[in-house]
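Colleague: Got a predicted model here, sequence first, then my questions.
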Amino acid sequence: MKFNKLVLILLFCTFFFTLMACENRPNFAELCEEHTKICQEFQEDTWCKRERVEVGFANLADKNDANDSNKYQQLIAYEGYEKCMLHASKIEHIKLKVKKTIRIDNVVKARVKIKALALATQNSEHPDLLFFHWSRYLNEHSLNKFIALEGSELLEKPNRQINLASYYAKHDITKTLNLLYHALELYPSDAAIDTEIFQSLASIFAHKKEHKQAYIWSKILYLYSPKDSNISHETFVSYFKGNNLNTEFLDRVAKKTLNNIIEGEFKAPRT
């Protein structure tokens, strides 16, 4: 199982708030007209436009209401932009070599801002920031505070259950499964589901050689978000042949389970 990948899961502005679709806010052009400084932070580039927009709105939210929740959203937005721009900076622009310089400069600016925000929030008690400081900086003090919140109402959100699961992944597989299931229970109807949950469940069951469950969760991932799945139809056929599975039945189970998740009616099975 990709435990190290799961450790770094932090849902990107999900469930009740998405940076790309809020009704009560200006569009990005209007934001730039009213808050020029926010839009001039990075030199404009044809790459990473969406990530730049996300940074802009995260900064606007914090400007209007500076709090730990908005600081966390800023950190995630800057991380997304830095990752995208770092990739872009490695691409040679045939005609304009200056593009690479601009992109590297933007990466540096993003990293500086991440470092400053991390320093400003290192003593925060906010659950997402506690996990952030452990997952990024291995801050044991933050981890202990985060784990101490287990079972409290504060952690009754999908992303926080996933973060708990990432901690227990190396120590307690049963508990990890229960936390991932509970994360799915907490999604309201028609919410955007973090596909890492499906990937992790499929990986756990494959590792446990529970082939039926591994097939079901792989199929759920494939049905929900084919672009996030490396599984092809041929792979399913191969898995079926290798493990003598009744795929017709398992496909029905996968579809029914996914429908329940999407409709906010998923109930965790007993483990």
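Modeller: Looks like it came in fine.

Colleague: how much distance is there from stretch 147-164 to the middle of the chain?
Modeller: Relative to its chain's centre, stretch 147-164 lies at 15 Å (Cα atoms, centre = their mean, to the nearest Å).

Colleague: What residues sit buried inside that stretch?
Modeller: Using 16 or more other Cβ atoms under 10 Å as the test for burial, stretch 147-164 gives 149, 155, 157-164. All C-beta atoms are positioned from the backbone trio N, CA, C, and that covers glycine.

Colleague: I'd like to know how far the closest residue to residue 239 other than its chain neighbours sits from residue 255.
Modeller: Leaving aside its sequence neighbours, residue 239 sits nearest to residue 215 (Cβ to Cβ, 6 or more residues apart in numbering; 6.2 Å). Distance of residue 215 to residue 255, given as Cβ to Cβ, to the nearest Å: 13 Å.

Colleague: Just want to know which of those two has more residues nearby.
Modeller: A direct count of neighbours by other Cβ atoms under 10 Å for residue 215 and residue 255 places residue 215 higher, at 24 against 14.

Colleague: now the host helix or strand of that one, how far from the centre of its chain.
Modeller: Per DSSP states H and E, residue 215 falls inside helix 211-224. Remark: helix 211-224 is offset 20 Å from the chain centroid, using Cα atoms, centre = their mean.

Colleague: Could I get the CA-only coordinates of it as CSV?
Modeller: What follows is helix 211-224, C-alpha atoms only, in CSV (Å, rounded to 0.1, in the frame of the first residue of the first chain):
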residue,chain,number,x,y,z
HIS,A,211,-9.4,-10.2,-3.8
LYS,A,212,-13.1,-9.6,-3.9
GLN,A,213,-12.8,-6.4,-1.8
ALA,A,214,-9.7,-5.3,-3.8
TYR,A,215,-11.7,-5.7,-7.0
ILE,A,216,-14.8,-3.8,-5.7
TRP,A,217,-12.8,-0.7,-4.5
SER,A,218,-10.7,-0.7,-7.7
LYS,A,219,-13.9,-0.8,-9.7
ILE,A,220,-15.4,2.0,-7.6
LEU,A,221,-12.3,4.1,-8.3
TYR,A,222,-12.5,3.3,-12.0
LEU,A,223,-16.3,4.2,-12.1
TYR,A,224,-16.0,7.4,-10.1
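
Colleague: what helices or strands is it leaning on?
Modeller: When contacts are defined as 3 or more Cβ pairs under 8 Å, 6 or more residues apart in numbering; DSSP states H and E, helix 211-224 sits against helix 196-207, helix 233-243, helix 247-262.

Colleague: on contacts alone, who are the packing partners of the last one?
Modeller: Helix 247-262 is packed against helix 211-224, with contacts defined by 3+ Cβ pairs under 8 Å, 6+ apart.

Colleague: got it, and the second one?
Modeller: Helices and strands touching helix 233-243, as assessed by 3+ Cβ pairs under 8 Å, 6+ apart, comprise helix 211-224.

Colleague: buried ones in the helix it packs on?
Modeller: Residues 211, 213-224 are the ones in helix 211-224 that count as buried (16+ other Cβ under 10 Å).

Colleague: Same check on stretch 70-79?
Modeller: Quick answer for stretch 70-79 (16+ other Cβ under 10 Å): 70-79.
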